[in-house]
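Student: This is a predicted model, with the sequence first.
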Amino acid sequence: MVTAIILLNVVREHINETAQELSDLEGMTEVFSVSGRYDLVAVARVNSNEDLAELVTGKMLKVRTITGSETMLAFRTYSRHDLEGMFSVGFEG
């Protein structure tokens, strides 16, 4: 599994519709509107680097309201959320 965090600048008037369009793409698991230097942060989870290349340079390239992007590959996941979910399987509280 390959996870990428994608930082995006988009046309300001189209932030909401761009976020929705991105969230509809296969492999895109979350899209956040954020404050700061970027307008959106997207998280992609795909099976391979080839799938990531297709998503970023193929499908996302067609989203005309994206004006700039920076893609980072995740090496490891450190998440309390993931651990809690794993240990709560079968637990009835």
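Tutor: Noted; the coordinates are in hand. Residues are numbered from 1 along each chain as shown.

Student: What segments of this protein are strands?
Tutor: Secondary structure of the chain (DSSP state E): strands at 2-10, 28-33, 40-46, 66-73.

Student: Could you dump the ones you listed into TSV and include distance to Glu17 and mean neighbour count?
Tutor: (C-beta placed from N, C-alpha, C; glycine too.) Conversion of the strands of the chain to TSV gives the following (distance: least, Cβ to Cβ, whole Å; neighbours: other Cβ atoms under 10 Å):
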stretch	distance to Glu17	mean neighbour count
strand 2-10	9	19
strand 28-33	11	15
strand 40-46	11	20
strand 66-73	12	14
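
Student: quick one: which of those strands is nearest Ala19?
Tutor: The minimum distance between Ala19 and those falls on strand 28-33, with 4.7 Å, by Cβ to Cβ.

Student: Pull up the pairing partners for that closest one, direction included.
Tutor: The pairing partners recorded for strand 28-33 under DSSP bridges are strand 40-46 (antiparallel).
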